[in-house]
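Asks: Take this sequence and fold it.
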Amino acid sequence: MAPTDSRKKPMSKPRKKGLAPKAGLQKCLTGIKGFDEITEGGLPRNRITLLAGSTGTGKTLLGVDFLISGVTQYKEPGVFMTFEENEDDLYKDVASLNMDLQALVAEKKIVLDYVLLERRDIQEAGEFNLEGIFVRLEHAIDSIKAKRVVMDSIESLFAGVHDTGILRLEIKRLFRWLKEKKVTTLITGEVQPDSFTRHGLEEYISDCIILVDNRVRDQIATRRLRVIKYRGSNHGVNEYPFVIDNDGLSVIPITSAGLDHPGSAERVSTGVASLDKLFKGGGYTRGSTILASGTAGTGKTSLAVAFAVETCKRGEKSLFVSYEESPGQLIENMKSIGFELGPLVRKGLLKIVATRPAFFGLEIHLLNLNKMVADFQPNAVVIDPLTSLLMHGNDLEVQSMLTRMIDALKSKGITGFFTSVVSSTEPSDASGDIGVSSLIDTWVVVRELEENEGKRRTRGIYVVKARGMGHSSDVHKLILSNDGMRLVPMDPDATAGDKQKKTIGKSTTKPKK
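Replies: From the prediction side, this is the model:
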């Protein structure tokens, strides 16, 4: 098809290149975030991959992304043959996703061929054949020396063929012809209840099958991807959530990173000089995880901000994810205790991201965090509060998500600071055990105390544990003022009652089952 006259500068996406294929089966890197890691190098080169899914699962966009990444990242021209959408509709559909398909077509790096099939074109009995399609495909491939081909979709191509014998022969013939042309081909299909395509034949002769779906649970939609089969290659076998946003399609392999992340003896300041003195190392361990737990109003967010600000003062980047306060509200509130966040944000050292936990499912929150970490490259990440996510999944899902979040940060050497809100119905239950305490390296509890038999409320802070370093176990006062935060020793006789001083307890915050 002739390209349009409108030319725009191609907008290549800032992506890291995928993993290099291993020796043996040759693979074609897709350039799609995370997908090449799942497949250990991309799609099988010069073979056929079937992409199956229902309506609205992202099949067409994945195909377009595959071709655009091939051109912009690997200098491999491609052909997109569509039987459903014309050129103008396809250009408009992908333009909002930072994919300038029209410009690449105009530059003759991608050929977009819209094939309109009319009823009169469908010949039944023995007269049906694919010669016309072969002629158009061969001309498109040869004209730009294409290495990649996407056909969308195979149901539309064979919609009028009802003879199973002819259908089987023609599908095999199409697949054999594409392999002989030595192009890496992605063919989309509509998944059925009992098969991956309407005809149920393509799945047996495809070298690779990828299943995508769009699942709704508790009124939250999540797209997922799974590699069903991959001849001659290992691959991830789990379901992987993926997102489609302004950067295109991202599949992040969020299986646990395991226990192979490196250790560190380096210490980083807490941001509160008097709190540093409670640790013999002078602060937290770099690349470790810190949990600050306590009831509302005890200073957890303030401790998190102090740590983030201190990170920025060293010239390092800090990502602050807030589930309760907007960036503007957080910046304004922290001025009351001497923290000026605005200049750090403007310098690009601090990034504050605020969102409501109910907007997405657990997996999407984890996906988005992975994307933000990949884009911003922070040295420290703050999640405030972590307990806001606990009501959006059952126990197993919550534990899995939190474990993978911690593993993902540790594997990159990022120091993670989490806050945990404890129920105010039982103020003595100050531990904030959210089910991952065994994975936390440093655990700090902030609690509400009363002085002089209930005449004055004060904050107390103590260290529950600090792996790899000695630490003080004494309870100190945590004082917040216009001059910042500081700790002072506490007189045990000033607090009300022995029970409050000694009780640690367990959190009453439980995930929804």
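Asks: bridging residues for residue 419?
Replies: Note on residue 419: beta-bridge partners by DSSP bridges are residue 292.
Asks: Now do the contacts for it.
Replies: Applying Cβ atoms under 8 Å, 6 or more residues apart in numbering, one finds that residue 419 lies in contact with 291-293, 300-301, 303-304, 382-387. (Each C-beta comes from the backbone N, C-alpha and C, glycine too.)
Asks: Please repeat the previous calculation with a cut-off of 6 Å.
Replies: By Cβ atoms under 6 Å, 6 or more residues apart in numbering, residue 419 lies in contact with 292, 300, 304, 384-385.
Asks: Which one of those residues is nearest to residue 213?
Replies: residue 385 (31.7 Å; Cβ to Cβ).
Asks: Can you give me the neighbour number for that closest one?
Replies: As a burial measure, residue 385 scores 24 neighbours (other Cβ atoms under 10 Å).
Asks: One more: the one 5 residues further on?
Replies: Other residues within reach of residue 390, judged by other Cβ under 10 Å, total 23.
Asks: three-state assignment of it?
Replies: Put simply, residue 390 is helix when judged by DSSP: H, G, I helix; E, B strand; the rest coil.
Asks: Next one: it from residue 368, what distance?
Replies: When distance is defined by Cβ to Cβ, to the nearest Å, residue 390 is 17 Å away from residue 368.
Asks: do residue 88 as well
Replies: For residue 88, the distance to residue 368 - Cβ to Cβ - is 32 Å.
Asks: Which residue of the two possesses the greater neighbour count?
Replies: Neighbours per residue, other Cβ under 10 Å: of residue 88 and residue 368, the larger number sits with residue 368, 18 against 11.
Asks: Most neighbours among the contacts of residue 419, which one?
Replies: Neighbour count (other Cβ under 10 Å) singles out residue 292 as the most crowded of the contacts of residue 419, with 28 neighbours.
Asks: just checking, it touches residue 444?
Replies: Yes - using Cβ atoms under 6 Å, residue 292 is in contact with residue 444, at 4.8 Å.
Asks: coming back round to it: save the contacts of residue 419 as TSV, and put in distance to residue 320, pLDDT and secondary structure too.
Replies: Written out in TSV, the entries for these read as follows (distance: Cβ to Cβ, whole Å; pLDDT from 0 to 100; DSSP: H, G, I helix; E, B strand; the rest coil):
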residue	distance to residue 320	pLDDT	secondary structure
292	14	92	strand
300	13	93	helix
304	7	95	helix
384	7	90	strand
385	12	88	coil
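Asks: Ignoring the adjacent residues along the chain, who's closest to residue 457?
Replies: What sits nearest to residue 457 in space, not counting adjacent residues and going by Cβ to Cβ, 6 or more residues apart in numbering, is residue 450, at 5.9 Å.
Asks: and the gap between the one you found and residue 460?
Replies: Using Cβ to Cβ, one obtains 10 Å as the distance from residue 450 to residue 460.
Asks: show me where the stretch 201-350 of the chain has helices.
Replies: Remark: helices of the stretch 201-350 of the chain, listed N- to C-terminal, are 202-205, 273-276, 300-313, 327-334, 342-346; assignment by DSSP state H, counting those that start in this stretch.
Asks: Please identify the most buried of the ones you listed.
Replies: Stretch with highest mean neighbour count among the helices of the stretch 201-350 of the chain: helix 300-313 (a mean of 24; mean count of other Cβ atoms under 10 Å).
Asks: Can you classify residue 98 as helix, strand or coil?
Replies: coil.
Asks: Touching, it and residue 244? I think so.
Replies: No - here residue 98 does not reach residue 244: they are 11.0 Å apart, not a contact under Cβ under 6 Å.
Asks: Pull up the overlap in contacts between those two.
Replies: Counting by Cβ under 6 Å, 6+ apart, no residue touches both residue 98 and residue 244.
Asks: related to what we said a few turns ago, turn the contacts of residue 419 into JSON lines, including distance to residue 324.
Replies: Rendered in JSON lines, the data for the contacts of residue 419 read as follows (distance: Cβ to Cβ, whole Å):
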{"residue": "292", "distance to residue 324": "14"}
{"residue": "300", "distance to residue 324": "11"}
{"residue": "304", "distance to residue 324": "12"}
{"residue": "384", "distance to residue 324": "7"}
{"residue": "385", "distance to residue 324": "7"}
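Asks: pLDDT at residue 423, what is it?
Replies: Residue 423 is assigned 71 on the pLDDT scale.
Asks: Distance across stretch 213-221, terminal residue to terminal residue?
Replies: Using Cα to Cα, to the nearest Å, the end-to-end distance of stretch 213-221 comes to 10 Å.
Asks: before we move on, the earlier item: you'd agree the residue nearest to residue 457 is in a strand?
Replies: Yes - in this structure, residue 450 lies within a strand as judged by three-state DSSP.
Asks: Let me know the helix or strand that the residue positioned nearest the centre of the chain is in.
Replies: Closest residue to the average C-alpha location of the chain: residue 367 at 1.8 Å, with Cα atoms, centre = their mean. Per DSSP states H and E, residue 367 falls inside helix 362-376.
Asks: same for that helix, what does it pack against?
Replies: Other helices and strands packing on helix 362-376, by 3 or more Cβ pairs under 6 Å, 6 or more residues apart in numbering; DSSP states H and E, are strand 240-245, helix 395-411.
Asks: Surely residue 477 is in a strand?
Replies: Yes - looking at residue 477 with three-state DSSP, it is inside a strand.
Asks: so where is this protein shaky, pLDDT-wise?
Replies: Applying pLDDT under 70 to the chain picks out residues 1-24, 118-128, 160, 198-201, 252-262, 391-395, 424-436, 451-455, 492-513.
Asks: dump the residue contacts of residue 147.
Replies: Applying Cβ under 6 Å, 6+ apart to residue 147 gives the contacts residue 76.
Asks: and the gap between it and residue 71?
Replies: Residue 147 sits 10 Å away from residue 71, taking Cβ to Cβ as the criterion.
Asks: And residue 317, by the same measure?
Replies: To residue 71, residue 317 is 32 Å away according to Cβ to Cβ.
Asks: do residue 298 as well
Replies: 55 Å.
Asks: Counting neighbours, what do you get for the residue nearest to residue 457?
Replies: Per other Cβ under 10 Å, the neighbour tally for residue 450 reads 16.
Asks: same question, residue 237
Replies: Using other Cβ under 10 Å, residue 237 has 11 neighbouring residues.
Asks: Could you find the closest non-adjacent residue to it?
Replies: For residue 237, the nearest residue in space outside its immediate sequence neighbours is residue 227; the separation is 7.0 Å by Cβ to Cβ, 6+ apart.
Asks: The one you found pairs with what?
Replies: Under the criterion DSSP bridges, residue 227 forms beta bridges with residue 210.
Asks: now do residue 443
Replies: In this entry, residue 443 is beta-bridged to residue 291, residue 465, by DSSP bridges.
Asks: try the one 5 residues further on
Replies: In this structure, residue 448 has the following beta-bridge partners (DSSP bridges): residue 459.
Asks: Tell me how many other residues crowd it.
Replies: Residues near residue 448, counting by other Cβ under 10 Å, number 19.
Asks: gap between it and residue 483?
Replies: With the distance defined as Cβ to Cβ, residue 448 ends up 22 Å from residue 483.
Asks: Over to residue 445?
Replies: Following Cβ to Cβ, the distance that separates residue 445 from residue 483 is 24 Å.
Asks: How about residue 45?
Replies: With distances taken as Cβ to Cβ, residue 45 is found 64 Å from residue 483.
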